[in-house]
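In: the sequence isn't on hand, but the structure is:
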């Protein structure tokens, strides 16, 4: 086990690999290589059902609710062993998983699994623990009692949620970057199939009878329903056009309803104020009718109080009470579902991302991702009774402190009344695929990756460095502003994230695209290793009536274009291709009449491949 019960899986993996190469390994650890991450089909390829009806694509006979919901399972950052003796949590900033002894109130073991573990799940017996390692495209299988390595399975790019089917025959993994849900055989750890579900799948749930998989999507409020028998998408249920940041789904004990914590990004609001921009919600879907139930919507600001970024939900055993973890405001909303209003509010640690309720309904364990601990909550008294340390963050102290600020609203310096965090729009440090009508004009949310080398910031270039976001905090989030030290911490966090390599590999066509890109003059502005000259240019997109900062815009970096749609300052290009084929025909981006179709496709392939 090593010092303090900590196992370094990377070292274990290296030993296993050496033994396998030598032909003398008898340890039962298996590595399974998948199809290439860019493919979305294996033996039984399916496609996402097209959305015609705004509520659902299912037919009139839609009914996926089983008779009882007690056997349902869903993905989370935390899972409780069947006997309640151990709680397991994923520690994304420590590259580890921890097992917490509930009786002793201490961590029994911690195991290093790789970069950014995200979700954990158990088989029915509580013998095997499954962990998605998002930063390394792997699913790690551990002995749940000891933390010893059982297997490693390669997945599609950026795996997120993981869950085991109720019959313990299959492992289900959401593969975020490739828009698929992968099924793996639990006994052999080999891939069965992949099902295309649409962009950015995140949270997973399996109905109690094992007939259906429910899938949430990071950048929408849609709920995709997979028929597990046919292994194809059966329906896509829309919960609201402006709904966003949906990373979790849980099934009510009655088996008939799915609860989805998310936010409503009110981009249609022409008069945005701090309290009318981001709305904390829990959408409720009727699984028998296949439709969202508006009258059961939980508007947490109304039924409880203003909170930020609802991230997970759990229920009392009888289903009367819902407990909602709000990751931005560091608290739990306690809602009586029979009355439709809050009956309690509990402060917990920093950035609560998951929670579980014990079988007797008297205790909840809340995973606090940024304070590196578990909150133990007495559900009879509705109070946190203690914290249990689970890990120590590997982030530098200033980066970690800045991350707490970025993701949080609990302090008035960052937000008024806990409404808006930086992460409300820059989801997970990325973007929200939304264009907001701000005082400056329409502004497409950019990712916050690789910022250290791409100043100035904002589309109008009005933020000169990473210490220059106090105005954003005060004007948009209505916070009182940070001290110099805290502002330095926030800048340290903003400079920390890097743009990840593209999932699209270099090819002969990308090489040709690079040549056409240079010959077309694109590299004049998109220059250097980060593809920006740091200057403002008029590219013919800033002549709209709502633009208040002039017609010139900062040259954006081209790194990471593969997952930052829509494009341009106002989000007017829905796809990368539209940047060059729509808009001002006299502008520098309009290449449709200057290039052949083959040349344009080569340029698009090249841009998607950045950074290589």
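Out: The structure has been received and is ready for your questions. Everything numeric in this text was worked out from a predicted model, so none of it was measured.
In: mind telling me what element residue 202 is part of?
Out: Using DSSP states H and E, residue 202 sits in strand 201-206.
In: give me the distance from that strand to the chain's centre.
Out: Relative to the chain's own centre, strand 201-206 is displaced by 11 Å; criterion: C-alpha atoms, centre = their mean, to the nearest Å.
In: again, but for stretch 92-101
Out: Relative to its parent chain, stretch 92-101 has a centroid offset of 18 Å by C-alpha atoms, centre = their mean.
In: ok, stretch 127-147 next?
Out: The chain centroid and the centroid of stretch 127-147 are separated by 19 Å under C-alpha atoms, centre = their mean.
In: same question for stretch 433-452.
Out: Computed by C-alpha atoms, centre = their mean, the chain-centroid distance of stretch 433-452 equals 18 Å.
In: would you mind listing the buried residues in it?
Out: If you call a residue buried by 16 or more other C-beta atoms under 10 Å, then stretch 433-452 has these buried ones: 433-438, 440-451. Glycine gets a C-beta too; all of them are placed from N, C-alpha and C.
In: cool, and stretch 508-524?
Out: Going by neighbour count (16+ other C-beta under 10 Å), the buried part of stretch 508-524 is 509-510, 512-514, 516-517, 520, 522.
In: so which of those residues sit within helices?
Out: Cross-referencing those against helices under DSSP state H gives 509-510, 512-514, 516-517.
In: dump those residues into a markdown table; add distance to residue 470 and pLDDT as well.
Out: Conversion of these to a markdown table gives the following (distance: C-beta to C-beta, whole Å; pLDDT from 0 to 100):
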| residue | distance to residue 470 | pLDDT |
| --- | --- | --- |
| 509 | 45 | 97 |
| 510 | 41 | 97 |
| 512 | 46 | 97 |
| 513 | 40 | 97 |
| 514 | 40 | 97 |
| 516 | 42 | 96 |
| 517 | 37 | 95 |
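In: distance of residue 188 from residue 141?
Out: Distance of residue 188 to residue 141, computed by C-beta to C-beta, to the nearest Å: 12 Å.
In: ends of stretch 124-137, what's the gap?
Out: 25 Å (C-alpha to C-alpha, to the nearest Å).
In: typed the wrong thing, it's stretch 137-152
Out: 10 Å.
In: cool, stretch 266-285 as well?
Out: For stretch 266-285, the end-to-end distance is 21 Å (C-alpha to C-alpha).
In: and that stretch, average pLDDT?
Out: Averaging pLDDT along stretch 266-285 gives 93.
In: want to throw the ones in helices among the buried residues of stretch 508-524 into JSON lines with distance to residue 378?
Out: Shown next, in JSON lines, are these (distance: C-beta to C-beta, whole Å):
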{"residue": "509", "distance to residue 378": "61"}
{"residue": "510", "distance to residue 378": "58"}
{"residue": "512", "distance to residue 378": "65"}
{"residue": "513", "distance to residue 378": "60"}
{"residue": "514", "distance to residue 378": "61"}
{"residue": "516", "distance to residue 378": "65"}
{"residue": "517", "distance to residue 378": "61"}
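In: re earlier: between residue 188 and residue 141, which has more neighbouring residues?
Out: Neighbour totals were compared for residue 188 and residue 141, and residue 141 leads with 22 against 11 (other C-beta atoms under 10 Å).
In: does residue 208 touch residue 165 like I think?
Out: No. Taking contacts as C-beta atoms under 8 Å, residue 208 lies outside contact range of residue 165: 10.6 Å.
In: assign the closest residue to residue 136 other than its chain neighbours to helix, strand or coil.
Out: With sequence-adjacent residues excluded and distances taken as C-beta to C-beta, 6 or more residues apart in numbering, residue 136 is closest to residue 114, at 4.3 Å. Three-state call for residue 114 (DSSP: H, G, I helix; E, B strand; the rest coil): coil.
In: per-residue pLDDT, residue 114?
Out: 98.
In: for residue 592, same thing?
Out: pLDDT, read off for residue 592, is 87.
In: where does the prediction get shaky in this protein?
Out: Scanning the chain for pLDDT under 70 picks out 1-70.
In: break it into its domains for me.
Out: Domains of the chain are assigned by automatic domain parsing as 66-111+157-389, 397-494, 508-608.
In: the residue nearest to residue 136 contacts residue 135, doesn't it?
Out: Yes. Residue 114 is within contact range of residue 135, at 6.6 Å (criterion: C-beta under 8 Å).
In: higher neighbour count, these two?
Out: Counting neighbours by other C-beta under 10 Å for residue 114 and for residue 135 shows that residue 114 has the greater number, 20 against 15.
In: any idea how far the more buried one is from residue 133?
Out: Counting by C-beta to C-beta, the separation of residue 114 from residue 133 is 4 Å.
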